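In: build me a structure from this.
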Amino acid sequence: MYLVRHGATPANLQKPARLQGRSDVALDPLGVRQAEATRSALAEVSFAATYCSPLIRAVRTAEIIAPYREPIPVDALIECNVGRWEGVDWDTIRRDDAEAFARYMADPAADGYPGGENFEQVITRVLPAFDELFARHVGESFLVVSHHVVNRTFLAATLGLPMRHGRSVSLDNCGVSVVVEDAGKRRVKSLNQTLHLGPLHVDE
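Out: As a prediction, this is how the structure comes out:
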């Protein structure tokens, strides 16, 4: 599985980044160029199928990366519900919601986004969807385009990290991770590859 975080949106490019959660935000022009660079980097890979979150930023990224495959939206791969922090930037959260921010930073698995999901709830939601996709594509390469929290919790789980340490897996827009399953065992072959982005790479 080639697992990609969607291309950058205006909220991703804001400094500090603004949480968009399940807001259906389109790609920024830079995000389109990131997806095009990812398409070029993966041109030698023939995907048997392409899957994505139903949010437009993921759908459009998938369409650009593999134009020969119509992306199949998977509802379970929608981004984390960030609750009352949706549309708010991290500096404002740190200042105006300091106690909840501190709890989240200490253990996002137990104390997630206020009014939204925590990391344990996210991995419980998304893991069966990834299991199904691997079972469907034994011996095949497939593409999945989703979101930061969805991808990082799945990769953390695959790496054997407890969900309270899920934030240690940091992923960039159009960063590519490769997960291989062999004889029922999964391993992360590469994590957040971004060399293909060159000057299009953006740190949040």
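In: show me what the top helix by length along the chain is packed up against.
Out: Longest among the helix segments of the chain by residue count, using DSSP state H, is helix 119-136. In terms of contacts (3 or more CB pairs under 8 Å, 6 or more residues apart in numbering; DSSP states H and E), helix 119-136 is packed against strand 142-146, helix 148-158. To be clear about C-beta, it is placed using only N, CA and C from the backbone, and glycine gets the same treatment.
In: what ranges do the strands span in this protein?
Out: Using DSSP state E, the strands of the chain run over 2-5, 49-52, 72-73, 142-146, 176-182, 185-193.
In: nearest residue to the middle of this structure?
Out: Nearest to the geometric centre of the chain sits His147, at 2.5 Å (CA atoms, centre = their mean).
In: quick one on the thing from earlier: got the buried residues for the longest helix of the chain?
Out: Phe119, Glu120, Gln121, Val122, Ile123, Arg125, Val126, Ala129, Phe130, Leu133, Phe134 (16 or more other CB atoms under 10 Å).
In: can I get those residues in TSV including pLDDT and distance to Val45?
Out: Supplementary listing: the buried residues of helix 119-136 in TSV, determined by pLDDT from 0 to 100; distance: CB to CB, whole Å:
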residue	pLDDT	distance to Val45
Phe119	98	30
Glu120	98	33
Gln121	98	32
Val122	98	27
Ile123	98	26
Arg125	97	27
Val126	98	23
Ala129	98	21
Phe130	98	19
Leu133	98	16
Phe134	98	17
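In: roughly how far out does stretch 117-133 sit from the chain middle?
Out: 12 Å (CA atoms, centre = their mean, to the nearest Å).
In: what's the answer for stretch 14-26, then?
Out: Relative to its chain's centre, stretch 14-26 lies at 13 Å (CA atoms, centre = their mean).
In: need the contact list for the residue nearest to the centre of the chain.
Out: His147 sits next to Arg5, His6, Ser53, Leu55, Ala58, Leu77, Ile78, Glu79, Cys80 when contact means CB atoms under 8 Å, 6 or more residues apart in numbering.
In: find the nearest non-adjacent residue to Gly169, please.
Out: Quick fix: residue 169 reads Val, not Gly. Using CB to CB, 6 or more residues apart in numbering and skipping residues adjacent in sequence, the residue nearest Val169 is Arg152, 4.3 Å away.
In: count of residues packed around the one you found?
Out: Neighbours of Arg152 under the rule other CB atoms under 10 Å: 26.
In: now Asp203
Out: Neighbours of Asp203 under the rule other CB under 10 Å: 8.
In: done for today, thanks.
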